[in-house]
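*Asks:* Sequence and predicted structure are below.
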Amino acid sequence: MEKLLSSLITELRRGTLTLAVLSQLRTPQYGYSLVQLLEKSSVSIEQSTLYPLLRRLEKQELVESSWDTTESRPRKYYVLSEYGIEILEQLKAEWEKSTKELQNLLKGDVENEPD
């Protein structure tokens, strides 16, 4: 049972992590700062999950990256692209709609019960 539950929780979190990451990239962030921001909101993400996700989002043109080499240790910063901002807004609206629908289902509040 624990193995199945763990698998289902991972599947459930997969999509929400994308939304969580995008929501924090309105200002430029590097990997570790992004992890800290997410953890501050109780969203945990492993670096082994974060970096492939960031690369995928960059490939999808939702985020842009740039290197800061002014410090002793170069850092790659990520920020939402214009396209990413549009997508984030649409995803937020869908998330809010889906959340409301699921809350109603889980509470048993069904507006249109069958006759």
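*Replies:* Looks like it came in fine.

*Asks:* Leu34: what's it in contact with?
*Replies:* Contacts of Leu34 were listed using Cβ atoms under 8 Å, 6 or more residues apart in numbering, and they are 21, 24-25, 50, 78. Glycine gets a C-beta too; all of them are placed from N, C-alpha and C.

*Asks:* and Lys107, how many residues sit next to it?
*Replies:* Neighbours of Lys107 under the rule other Cβ atoms under 10 Å: 8.

*Asks:* in the least confident helix or strand in the chain by mean pLDDT, what counts as buried?
*Replies:* Every helix and strand of the chain was ranked by mean pLDDT, DSSP states H and E. The lowest is helix 2-23, at a mean of 91. When burial is assessed from 16 or more other Cβ atoms under 10 Å, helix 2-23 yields the following buried residues: 17-18, 20-23.

*Asks:* for the record, mean pLDDT for the helix or strand that it is followed by?
*Replies:* From helix 2-23 onward toward the C-terminus, using DSSP states H and E, the following helix or strand is strand 29-30. What strand 29-30 shows for mean pLDDT is 96.

*Asks:* which stretches of this structure form helices?
*Replies:* Listed in chain order, the helices of the chain (DSSP state H) span residues 2-23, 31-40, 47-59, 82-107.

*Asks:* Need the ones you listed in JSON lines (columns: distance to Ser66).
*Replies:* Conversion of the helices of the chain to JSON lines gives the following (distance: least, Cβ to Cβ, whole Å):
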{"stretch": "helix 2-23", "distance to Ser66": "17"}
{"stretch": "helix 31-40", "distance to Ser66": "13"}
{"stretch": "helix 47-59", "distance to Ser66": "11"}
{"stretch": "helix 82-107", "distance to Ser66": "14"}
